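Student: give me a 3D structure for the following:
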Amino acid sequence: MPPAAASFQGAEDEDEETEETLLGGANRKATSEEWQELAPIHEVAISVSFVESARRKLVLERWRNAAWRAVRRAVDPWKKFNIHEMPVLRARRFRYSATRKTWTEDFVEIKMCMDSFARGAMRECFRVKKLSSMGYNQGWENAHNYVAKRYIQEVDKQVIFDDVKLQLDCKLWAEEFNRNNPPKKIDIVQINVIQILDLPGEPYYHLEHFIEGEYVKYNSNSGFVSEMQRQTPHSFSHFTFERSGHQLIVVDIQGVGDLYTDPQIHTVVGTDYGDGNLGTRGMALFFHSHQCNEICHMLCLTEFDLSVSEREQLKIDVAKLKPALEPTQFVKRRTRLESSCNPLLDELAPDDAMECLRQRTDTLRQRSRSITSSASTPSGDNKSVDHDDDCMCEICVNEICEGVTFDDEESVSDTQSRRGSLGGSITRKVGRATLSVESADRPQRRRTTDSMCSSAGDSSRITGLTERDEYWAVQRKKSVPAGVITALQGQTHQDAATQLRHISILGQVHLDLARYHEAGRFLREEDANEEKCRVLHELTSTGGSISSNSSTTSGDVKYDQEAALYHLDIARRCGNLEAILTVAKMCYHLHHELLKEIGNDVSWFADSEEDFDRDVHQFAFDLMLTAAEMGDRGAILFVAEAYETGKNMGKDGAIHYPSAIFWFEKSMGFADDEEGTEQHRPRHELLANMARMYQEGGHGLEQDMTRAYELYNEAAEAAMENMKGKLANKYYEYAEMCAC
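Tutor: Residues are numbered from 1 along each chain as shown. All right, here's what the predicted structure looks like:
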């Protein structure tokens, strides 16, 4: 039996008499015949409330005793280093509140071993012991073990504080992940900044609890996946992507077990959270190496769209992974509401998922504290000042395990036995797994054990159920899946504007995947070696050199073109402007920067039988028209010229002067600062074209000589400004002809 469990059992035996004293008398009083005849109903309610409060306090005290005994019996892994004999160092500690976005300062005493015991690419680690600032555990030998991390190269002080913000923001996402009841709860290590005042230069360090155990890096911010197969870390990253409405993703998951540290956040903006933020490129790298697992399916997360070849390669890579030592045990009872992973975004902050999460977490914590305070406990509104990280008071324990519930075996069997009679289930396809999902109007039956969390006053059973019902009532919105096809199929006219914002982010992620493919980023090691040998052989046979600027081998990398085109097509369907223009230029045989070696031999519009015989130029013109409506100047000029001449519009295209004039006027709204580019046409040419159409009339436009005269004069003035004197005189002559 583990020390904590043995201690807890001993605490039960020792406190048996106390429990009888607290509970027995009340029960006897409540069940006596005289009391039933004389006591008012409200006094009975007070008595029951007293019993429940006493039971909570009793169980909490038992857990405290068990934890204290386990700590006393534990062996200090750093005992041999004699850190307690080191000199005491005064330090200023900076603690950050992720919900309030505020810093709190206080002073602590530490003892530190000056020799680093671990060193990474950017930081080195030192062993530290710190006394609790709450006034207990004053012996240095029993002080908690910490790790102080310092940058090897000198960095700006703001970088150190930003690292703390990043990790504690990730901690909020871990709490949100736990609220969805995954099989294994996770946590992010609390981290602070300390300034050691007694060292030369008063250097700054990161300070966090020492995690004892095997340190594993499960994934990285560049698509790396550990050989140790774990489902929880990867499903957590996937969860943050969908829960944030595609605004961010938490990656670089590493730590001991399910206690993580030093994560990284990729955001759509790509400029916050330090240099490790790769933006949508980092999101693309994660999903290229991510295969949805049972936890993803349980949370109703949707699979990211990958090509057939990518899926096959991913299956091979996953099959090579080593199974975890303690695989997650799943129960068949686990069913989730169909809207279980909804975006946190709301009307107040539609573009800031992080701010929505802060508000939600702060609201839940305040509600939990108010419930705890009503149970005759001191107010905990100022925890950051009055409570230490090691504090085990009811408020702190309650905040740690907030939202955590435990299901016992009886509830599993009980739910299974009643599932057939209750009915009301929905079968939903999530990825490649079919789940039985409970309908929204069917209440979830859940039984929680008398654990530390429930006894700490986080909420009673009724309060927990009420909070969950309120949460789903507010958050039941359309989910923002990671799969584009799922999002497009589920989109309705009412939520089109909201979905468009999220789908556009997915389009950028897919476009980045196409770029990575073209650059050879996803070539297997053996294929990459063969490619290097081939290129070297071609350069040698042609008398070139690797360092030459020759473009002989430019664009000749043998990458997976099918996968690259697949992601380009999805980006186009998501409304990504660059993807739309690239596909249109491929169809028109025009120069394009992305996937340069691919021409118009790809069937882009064979998605259904109706579109199979569609004209290529008509399809390409529709794409150009879409790009023009999105504000691309080159596409606007292309569409205007097409309506003017009737070319490049497909077999059903026709000249339409009013549309041509509309788009020419649109193009003149841009600043005339793109001279020398393909998107540039002089202003006087556009004015002259419009004047000519008004002069000729027809093709849907009524002839207007007055308007033509005005436009020719404007064209002449614009030509004079560009030092085109002969052309200006020509336009003046045309204007005189219109005036006659």
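Student: show me where the stretch 151-300 of the chain has helices.
Tutor: For the stretch 151-300 of the chain, the helices defined by DSSP state H, counting those that start in this stretch occupy 157-179, 232-243, 280-288, 294-298.
Student: now the angle from the third one to helix 232-243?
Tutor: Here the directions of helix 280-288 and helix 232-243 differ by 130 degrees (axes from the mean of the first three to the mean of the last three C-alpha atoms, to 10 degrees).
Student: I'd like the helices of the stretch 151-300 of the chain laid out as JSON lines, including mean pLDDT.
Tutor: Shown next, in JSON lines, are the helices of the stretch 151-300 of the chain (pLDDT from 0 to 100):
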{"stretch": "helix 157-179", "mean pLDDT": "94"}
{"stretch": "helix 232-243", "mean pLDDT": "92"}
{"stretch": "helix 280-288", "mean pLDDT": "94"}
{"stretch": "helix 294-298", "mean pLDDT": "91"}
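Student: what's the closest of those helices to residue 70?
Tutor: helix 157-179 (22.9 Å; C-beta to C-beta). (Each C-beta comes from the backbone N, C-alpha and C, glycine too.)
Student: these two touch, right, residue 213 and residue 258?
Tutor: No: counting by C-beta atoms under 8 Å, residue 213 sits too far from residue 258 to count as a contact (10.9 Å).
Student: between those two, tell me which one has more neighbours.
Tutor: residue 258 (17 against 9; other C-beta atoms under 10 Å).
Student: from residue 132, how far out is residue 207?
Tutor: Going from residue 207 to residue 132 by C-beta to C-beta, to the nearest Å gives 14 Å.
Student: pretty sure residue 635 is touching residue 581, no?
Tutor: Yes: at 6.6 Å, residue 635 counts as touching residue 581 under the criterion of C-beta under 8 Å.
Student: what is the neighbour count of the residue nearest to residue 563 when sequence neighbours are not counted?
Tutor: Once flanking residues are discounted, residue 563 sits nearest to residue 307: 4.1 Å by C-beta to C-beta, 6 or more residues apart in numbering. Look at residue 307: counted by other C-beta under 10 Å, it has 19 neighbours.
Student: next one: residue 141
Tutor: Look at residue 141: counted by other C-beta under 10 Å, it has 11 neighbours.
Student: quick check: which ranges of the stretch 451-600 of the chain have low pLDDT?
Tutor: Applying pLDDT under 70 to the stretch 451-600 of the chain flags the ranges 451-481, 483-502, 525-557, 599-600.
Student: about what we covered before: and residue 207 and residue 132? Which one has more around it.
Tutor: Neighbours were counted for residue 207 and for residue 132 using other C-beta under 10 Å; residue 207 has more, 27 against 16.
Student: wait, doesn't residue 220 sit right on residue 251?
Tutor: Yes: shown here, residue 220 and residue 251 form a contact pair, counting by C-beta under 8 Å, at 7.0 Å.
Student: higher neighbour count, those two?
Tutor: Shown here are residue 220 and residue 251; by other C-beta under 10 Å, residue 251 has more neighbours (30 against 19).
Student: can you tell me which residues contact the closest residue to residue 239 other than its chain neighbours?
Tutor: For residue 239, ignoring the flanking residues on the chain, the nearest one in space by C-beta to C-beta, 6+ apart is residue 177 at 5.4 Å. Applying C-beta atoms under 8 Å, 6 or more residues apart in numbering to residue 177 gives the contacts 186, 236, 239-240.
Student: how much space between residue 177 and residue 67?
Tutor: Counting by C-beta to C-beta - residue 177 and residue 67 are separated by 25 Å.
Student: roughly how far does residue 312 sit from residue 558?
Tutor: Residue 312 is 18 Å from residue 558, by C-beta to C-beta.
Student: list the contacts of residue 687.
Tutor: When contacts are counted by C-beta under 8 Å, 6+ apart, residue 687 touches 668, 711-712, 714-715, 718.
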